[in-house]
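# Okay, predicted coordinates and the sequence, questions at the end:
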Amino acid sequence: MGLFSRRKTVFVDSDILVIGGGMAGCGATYESRYWGRDLKIVCVEKANIERSGAVAQGLYAINCYMGMQWNENQPEDHVRYARNDLMGLVREDLGYDIARHVDSTVHKFEQWGLPIMKDPKTGRYLREGKWQIMIHGESYKPLVAEAARKAATEVYNRIMVTHLLMDRNNRNRVAGAVGFNVRTGDFYVFRSKAVIVSAGGASHIFKPRAVGEGMGRTWYAPWSSASAYALPILAGAKMTQMENRIVLTRFKDGYGPVGAYFLHLKTYTQNAYGEEYESKWYEHTKKLVGDYIDRHPVPTCLRNHAFLEELKAGRGPIRMVTKEAFQDPHKETVGWENFLGMTIGQAVVWASQNIDPKFTNPELTTSEPYVMGSHATCSGAWASGPEDYAPAEYQWGYNRMMTVEGLFGAGDTIGGTAHKFSSGSFTEGRIAAKAAVKYVLEKGREQPQVSESEYEDLRTVIYQPLENYEVGRNEIVAGTVSPSYLLPIHGLQRLEKIMDEYVGGISSNYTTNEPMLTRGLELLGMLKEDLAHIGAEDLHQLQRTWELQHRVLASECVTQHTMFRTETRWPGYYYRGDYPKLDDQDWHCFTLSRYDRESGKWSLEKAPVYHIVD
Ligand SMILES: Cc1cc2nc3c(=O)[nH]c(=O)nc-3n(C[C@H](O)[C@H](O)[C@H](O)COP(=O)(O)OP(=O)(O)OC[C@H]3O[C@@H](n4cnc5c(N)ncnc54)[C@H](O)[C@@H]3O)c2cc1C
């Protein structure tokens with residue numbers, strides 16, 4: 001009997017289980033109630049849905065709004081935009097599905113109290129760019145959470161979900177999930193007829209630029225710990241486009257947003273010598289990617305590419321020219337307020353480094369890579385599409401159901417659909433929930449069964465790190481280093497170093513090749529073996545341990561995909577040194593992977609890209 005077997009086990013039964021109460025999870029919870037009036041709907045969240053997820057601090061803009069009521073854009077326009085930005089490869093059926101519903105989501109936000117800025121001349125929502133509308137969004141997340149709280153039968157905060165449970169009679173059908181309360185340590189067994197994973201993206205799988213005491217300062221939320229990928233991967237779900245990591249160009253050290261600066265303040269960038277540099281790299285980029293460089297707007301990765309090449313040529317740093325715009329007091333105010341809405345830290349960095357953008361043009365930088373499904377990138381699970389719009393090959397079940405029965409996803413979790421952002425993620429949660437309710441109702445009495453031995457075995461595995469620590473610390477004679485365990489932070493730093501050096505992180509200028517990826521996979525394999533020997537001092541460290549486990553599995557998936565796609569599809573996000581060019585003939589396709597949890601082996605394949613919108 002283990003040291004921690006005295007912990008309570010709590011059983012929770014539900015019809016729909018939503019894992020992760022961020023934007024997509026709140027959307028899923030809200031919509032589940034609409035279609036499933038009498039169903040038991042449970043949302044489980046590792047933090048507190050009031051302020052959890054990437055929108056915790058608030059936002060200044062909603063980045064996905066069509067404006068169909070004013071004929072500003074149509075869903076087809078958004079599909080074209082996302083396809084162009086992702087160098088031709090998006091699931092057009094899924095993207096269209098979000099775009100046609102996203103406006104109604106935004107209207108709900110406004111009804112619930114979100115202040116959306118209006119253009120005084122037209123009375124329409126104030127636009128920042130073609131797709132963005134400006135909001136006073138400090139309370140964006142609490143407002144969305146309130147709708148989810150009212151809709152849910154129960155919300156369980158502070159529970160880290162570690163594994164999904166499978167039906168004992170059908171190993172390709174989900175039956176629930178397990179996790180532990182990060183405050184009390186109680187073990188939770190959630191038995192559910194359908195599960196919607198909406199657990200956000202992944203930061204801290206590549207070494208961040210900010211290390212040591214600043215390591216929490218990443219662009220994507222530091223608590224985005226890849227559960228959205230690891231949970232489905234372990235359950236055998238197919239993943240797609242996991243090589244399509246994203247790199248962001250942002251203000252240096254604080255990662256403050258640049259969108260409002262470019263679009264609203266009309267600022268621009270230049271190299272250290274005050275020169276425009278993007279046009280210099282036109283011919284060079286054209287040789288790599290062909291006419292994708294001539295598209296409008298220029299794809300995000302290609303803009304990064306020019307930035308990176310200019311730095312390599314020794315003409316950095318690249319700066320944002322703010323001195324002109326900030327002479328206008330109104331623009332100066334807007335410039336500072338832009339950070340107050342979502343990245344106060346950038347204003348603090350500037351203050352601490354004596355940077356007043358009125359007199360000094362601030363530096364920009366490119367971030368370490370992140371894995372996401374909702375921004376200018378589309379990594380995630382391979383999902384079935386909408387019945388009325390998806391090609392037959394993209395339909396094997398209910399909308400947004402993965403290749404595992406009863407397992408749905410939304411937001412960063414679902415792959416192939418870039419540019420959904422906060423509003424699109426909430427919308428996709430709604431779409432997934434509607435389909436999950438239909439699934440539950442149609443299955444009727446044919447319900448999945450949870451095996452006791454499965455969750456009891458997982459219980460032992462989940463708490464093992466506490467026991468490793470308790471026992472192993474007796475071997476320490478001085479200091480903190482034990483011969484028999486490693487701490488979660490050590491495992492995390494090792495992971496970040498492997499991914500950084502071998503899989504295309506900042507220290508290799510985002511470049512990798514087959515020999516590097518092969519070595520990276522070997523080292524990740526060794527790290528995986530050592531994860532059995534992690535020691536967790538307390539429940540907080542136990543959470544760190546499971547976040548690390550999820551990050552490692554997602555990293556392995558990213559590495560496998562990067563190895564499989566033998567071309568450089570997105571220069572500026574990463575480079576295959578051995579295949580430096582885009583290759584539309586062989587790689588105008590999706591990459592799919594599947595992990596076999598019994599053998600620990602990965603299998604990879606290609607899937608066709610269908611262009612539905614002309
Ligand atoms: C810096 C930054 C700026 C952005 N700017 C904008 C913008 O201006 N406009 C815009 O529209 N969008 C913006 N976005 C994008 C937007 O935040 C995301 O697209 C959206 O939050 C994704 O929704 P999601 O539900 O997939 O993930 P999240 O909202 O991050 O939610 C994931 C949830 O899952 C929980 N979770 C994770 N793992 C577990 C687990 N194992 N167990 C239980 N719970 C778990 C997390 O705590 C979190 O609550 C920005 C994002 C960032 C980081």
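Cool, the structure landed.
# Can you name the residue of the protein nearest to the ligand?
residue 22 (1.6 Å; Cβ to the nearest ligand atom). All C-beta spots, glycine's among them, are computed from the backbone N, C-alpha and C.
# correct me, but that residue touches residue 50?
No - in this structure residue 22 lies outside contact range of residue 50 using Cβ atoms under 8 Å: 11.5 Å.
# tell me what whichever strand or helix holds residue 96 is packed against?
Secondary structure assignment for residue 96, by DSSP states H and E: helix 92-111. Packing partners of helix 92-111 (3 or more Cβ pairs under 8 Å, 6 or more residues apart in numbering; DSSP states H and E): helix 75-85, helix 140-151, helix 421-443.
# want to throw these into a markdown table with mean pLDDT and mean neighbour count?
Formatted as a markdown table, these follow (pLDDT from 0 to 100; neighbours: other Cβ atoms under 10 Å):
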| stretch | mean pLDDT | mean neighbour count |
| --- | --- | --- |
| helix 75-85 | 98 | 21 |
| helix 140-151 | 98 | 21 |
| helix 421-443 | 98 | 26 |
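# Distance to residue 242 for those - can I get that in TSV?
Below are the helices and strands packed on helix 92-111 laid out as TSV (distance: least, Cβ to Cβ, whole Å):
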stretch	distance to residue 242
helix 75-85	18
helix 140-151	27
helix 421-443	18
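# Among residue 22 and residue 50, which residue is more densely surrounded?
residue 22 (34 against 16; other Cβ atoms under 10 Å).
# From residue 229, how far out is that one?
Between residue 22 and residue 229 the computed distance is 15 Å (Cβ to Cβ, to the nearest Å).
# Confirm that residue 349 sits in a strand.
No - under DSSP: H, G, I helix; E, B strand; the rest coil, residue 349 sits outside any strand and is assigned helix.
# Spatially nearest residue to it (excluding sequence neighbours)?
residue 254 (3.9 Å; Cβ to Cβ, 6 or more residues apart in numbering).
# Check residue 365 too.
residue 252 is the one closest to residue 365 (Cβ to Cβ, 6+ apart), at 4.2 Å.
# Let me know the pLDDT of the one you found.
Here the pLDDT value assigned to residue 252 is 96.
# Please apply the same query to residue 565.
98.
# Check the contact between it and residue 586; I expect there is one.
No - using Cβ under 8 Å as the test, residue 565 is too far from residue 586 to be in contact (9.4 Å).
# which bits of the chain sit near the ligand?
19-25, 44-47, 52-55, 59-63, 160-161, 198-200, 219-221, 223-225, 227, 342, 374, 411-412, 421-423, 425 (Cβ under 6 Å from any ligand atom).
# The residue most central in space within the chain and residue 433: what is the separation?
With distances taken as Cα atoms, centre = their mean, residue 201 lies nearest the centre of the chain, 2.2 Å away. As judged by Cβ to Cβ, residue 201 and residue 433 stand 20 Å apart.
# Which residue ranges of the stretch 301-450 of the chain form helices?
329-342, 344-352, 421-443 (DSSP state H, counting those that start in this stretch).
# Against which helices or strands is the last one packed?
With contacts taken as 3+ Cβ pairs under 8 Å, 6+ apart, helix 421-443 sits against strand 9-19, helix 23-35, strand 59-62, helix 92-111, strand 187-197, strand 407-409.
# What residues sit buried inside stretch 603-614?
604, 607, 609, 612, 613 (16 or more other Cβ atoms under 10 Å).
# Assign the fourth one to helix, strand or coil.
To tie it back to what came earlier, the one meant is residue 612. Quick answer, by three-state DSSP: residue 612 is coil.
# list the contacts for it?
By Cβ atoms under 8 Å, 6 or more residues apart in numbering, the contact list for residue 612 reads 79, 92, 93, 96, 389, 391.
# do the second one as well
Contact criterion Cβ under 8 Å, 6+ apart gives 240, 382, 393, 589, 590, 591, 592 as the residues in contact with residue 607.
# which of the contacts of residue 612 lies closest to residue 267?
residue 79 (29.6 Å; Cβ to Cβ).
# my guess is the closest one contacts residue 98, does it?
No - using Cβ under 8 Å, residue 79 is not in contact with residue 98, being 9.6 Å away.
# What is the neighbour count of residue 389?
16.
# ok, for it, nearest residue in space, not its chain neighbours?
residue 93 (5.0 Å).
# And the pLDDT at that neighbour?
98.
# Over to residue 453?
98.
# my guess is residue 115 meets residue 136, correct?
Yes - counting by Cβ under 8 Å, residue 136 is a contact partner of residue 115 at 4.1 Å.
# what about the residue lying farthest from the centre of the chain, is that helix, strand or coil?
What lies farthest from the middle of the chain is residue 477; by Cα atoms, centre = their mean that is 42.0 Å. Three-state assignment for residue 477 (three-state DSSP): coil.
# okay, stretch 484-494 in CSV with CA atoms only?
The C-alpha coordinates for stretch 484-494 follow below in CSV (Å, rounded to 0.1, in the frame of the first residue of the first chain):
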residue,chain,number,x,y,z
SER,A,484,17.0,8.9,-7.0
TYR,A,485,14.6,11.6,-8.4
LEU,A,486,14.6,14.6,-10.6
LEU,A,487,12.4,17.6,-9.9
PRO,A,488,9.7,18.9,-12.4
ILE,A,489,11.7,22.0,-13.1
HIS,A,490,14.8,19.9,-14.1
GLY,A,491,12.6,17.8,-16.4
LEU,A,492,11.1,21.0,-17.9
GLN,A,493,14.5,22.6,-18.6
ARG,A,494,15.8,19.4,-20.1
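# could you dump the helices and strands packed on helix 421-443 to TSV with distance to residue 417?
Supplementary listing: those in TSV, determined by distance: least, Cβ to Cβ, whole Å:
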stretch	distance to residue 417
strand 9-19	19
helix 23-35	12
strand 59-62	17
helix 92-111	4
strand 187-197	15
strand 407-409	11
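# Quick one: closest of the ones you listed to residue 126.
Nearest to residue 126, of these and by Cβ to Cβ, is strand 59-62 at 9.6 Å.
# Just checking: what are the partner strands of the closest one?
Using DSSP bridges, strand 59-62 pairs in its sheet with strand 133-137 (antiparallel).
# Next, the residues that contact the strand it pairs with from outside, please.
Residues contacting strand 133-137 (Cβ under 8 Å, 6+ apart): 58-62, 65, 67, 106, 114-117, 125-128, 341-342.
# First-to-last residue distance for stretch 110-123?
14 Å (Cα to Cα, to the nearest Å).
# those strands in the stretch 451-600 of the chain, which residues are they?
Under the criterion DSSP state E, counting those that start in this stretch, strands of the stretch 451-600 of the chain are mapped to 511-512, 575-576, 589-596.
# Could you look over the ones you listed and pick the most buried one?
Burial of the strands of the stretch 451-600 of the chain is given as mean neighbour count (mean count of other Cβ atoms under 10 Å); strand 575-576 ranks first at a mean of 22.
# just to revisit the earlier point, farthest-separated two in the contacts of residue 607?
393 and 591 (15.3 Å).
# What residues are recorded as beta-bridge partners of residue 189?
Taking DSSP bridges as the rule, residue 189 bridges to residue 11, residue 178.
# Next one: it from residue 41, what distance?
Residue 189 is 17 Å from residue 41, by Cβ to Cβ.
# who has more neighbours, the two?
Counted by other Cβ under 10 Å, residue 189 and residue 41 do not tie: residue 41 has more neighbours, with 27 against 21.
# what stretches of the protein score poorly on pLDDT?
1-5 (pLDDT under 70).
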